[in-house]
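Chemist: I would like the atomic coordinates for the input below:
(one chain, ligands or ions: 2)
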Amino acid sequence: MIVVMKVGSPEAEIARLTEEFTTWGLTPEKIVGKHKVVIGLVGETAAMDPLQIQESSNWIEQVLRVEQPFKRASREYRHGEASEVPVSTPNGVVYIGEHHPIVTVAGPCSVENEEMIIETARRVKAAGAQFLRGGAFKPRTSPYAFQGHGESALGLLAAAREATGLGIITELMDAADLEPLAEVADVIQIGARNMQNFSLLKKVGAQDKPILLKRGMAATIEDWLMAAEYILAAGNPNVILCERGIRTFDRQYARNTLDLSAIPVLRTLTHLPIMIDPSHGTGRAEYVPAMAMASIAAGTDSLMIEVHPNPKKALSDGPQSLTPDAFDELMKQLAIVGKPLGRWTEQRQAIAV
Ligand code: PEP
Ligand code: MN
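Modeler: Ligands and ions are numbered 1, 2, ... in the order given. Coordinates of the predicted model:
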């Protein structure tokens, strides 16, 4: 249920109502939109009469039921307004959301050594990326495949952050690693395989770092939004949804099926920002540029692209990784699509490092 307050509602009245709703056993949440304040009500609202709630104050404009099973994640919960995720990075706050320029995240699948992560960070920054990605803890299908360098790789990410000022995005697989990982990560990634690891979702929901929630490879949009709901319900409002391809019947030519229709679908269902990962979405470097451009045309808020200085030698996901030169070229092409849509701010530095 949401309570839409009239424009100019006094703060004291909003506070009084919030208290009253709490005594009814509900959890009220004040949401300050561009034009209006909305009080979101979560709890046993099914038996409540919206009209009766409306009568509790003359400052209430409307009381509406949220029909979706995901409440806080729904677009209705914010009365149709998009939310933005502010991320603090050494270079300042970067906003990810519908009303902001597209944010680019780039970097290797795994952090392999200091030289490669610093070199990649410098190159992707010069090409205009705002975030460096790189896995320290890797969810691999085979237990015999490279599992990531773990905590020592977090130290290398910290060095890359220090050297470039880029924000860091890295995956958390095990809640036991949360503390050291959150010291380095500006955004914590929850990978496709853990999208429905509900205890992990509750843990990251109970801390402050923004969360990048990747779509499970066989997750419906509703499963995915319900997973986001876990994080929001635990108190963390900063969730970005990342489409990274789903499993379909055909895996012969592309690793996954990148569901770009998720962009307009999510836009209608949720206020949360959207990221597209065409690297895992296709599994092949040569298909990444077309899908990245299409993602911008379809309205994504951000992109995640795997970049490796020597993809042929990569310890994971080499076939889908762009070289730094290819990434630089791609960023020029993305600017051509993003600028006329009003979604591109030039971050490219004239001289590649
Ligand atoms: C990754 O980002 O490298 C990764 C493992 O992603 P996903 O969880 O989408 O497979
Ligand atoms: Mn990868």
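
Chemist: Run the chain-centre distance for the helix or strand that contains residue 13.
Modeler: Using DSSP states H and E, residue 13 sits within helix 11-23. Relative to its parent chain, helix 11-23 has a centroid offset of 32 Å by Cα atoms, centre = their mean, to the nearest Å.

Chemist: now swap in stretch 269-277 and tell me
Modeler: Distance, stretch centre to chain centre, for stretch 269-277: 7 Å (Cα atoms, centre = their mean).

Chemist: Tell me the confidence at the closest residue to ligand 1 within the stretch 101-250 of the chain?
Modeler: The nearest approach of the stretch 101-250 of the chain to ligand 1 comes at residue 191, 3.0 Å away (Cβ to the nearest ligand atom). C-beta coordinates here come from the backbone N, C-alpha and C atoms, glycine included. Note for residue 191: predicted pLDDT of 98.

Chemist: go on, residue 350?
Modeler: pLDDT recorded at residue 350 is 65.

Chemist: still on that earlier bit, can you list the residues that contact the helix holding residue 13?
Modeler: The contact list for helix 11-23 (Cβ atoms under 8 Å, 6 or more residues apart in numbering) reads 3, 5, 28, 30, 37, 39, 41, 56-57, 59-60.

Chemist: just stretch 336-348 next, same as before
Modeler: So stretch 336-348 is contacted by 101-102, 104, 126-130, 293, 296-297, 328, 331-332, 334-335 (Cβ under 8 Å, 6+ apart).

Chemist: Would you check which pair of those residues lies furthest apart?
Modeler: Pairwise distances across these peak at 25.2 Å for 126 and 297 (criterion: Cβ to Cβ).

Chemist: Looking at those two, which has the bigger crowd around it?
Modeler: residue 126 (20 against 13; other Cβ atoms under 10 Å).

Chemist: pretty sure that one contacts residue 349?
Modeler: Yes: between residue 126 and residue 349 there is a contact at 4.7 Å, judged by Cβ atoms under 8 Å.

Chemist: which parts of stretch 113-130 are buried?
Modeler: Residues of stretch 113-130 classed as buried: 116-130 (neighbour count, 16 or more other Cβ atoms under 10 Å).

Chemist: what sits up against that stretch?
Modeler: By Cβ under 8 Å, 6+ apart, the list of residues contacting stretch 113-130 from outside reads 89, 91, 94, 103-108, 111, 132, 134, 156-157, 159-161, 163-167, 305, 307-310, 324, 327-328, 331, 335, 346-349, 351-353.
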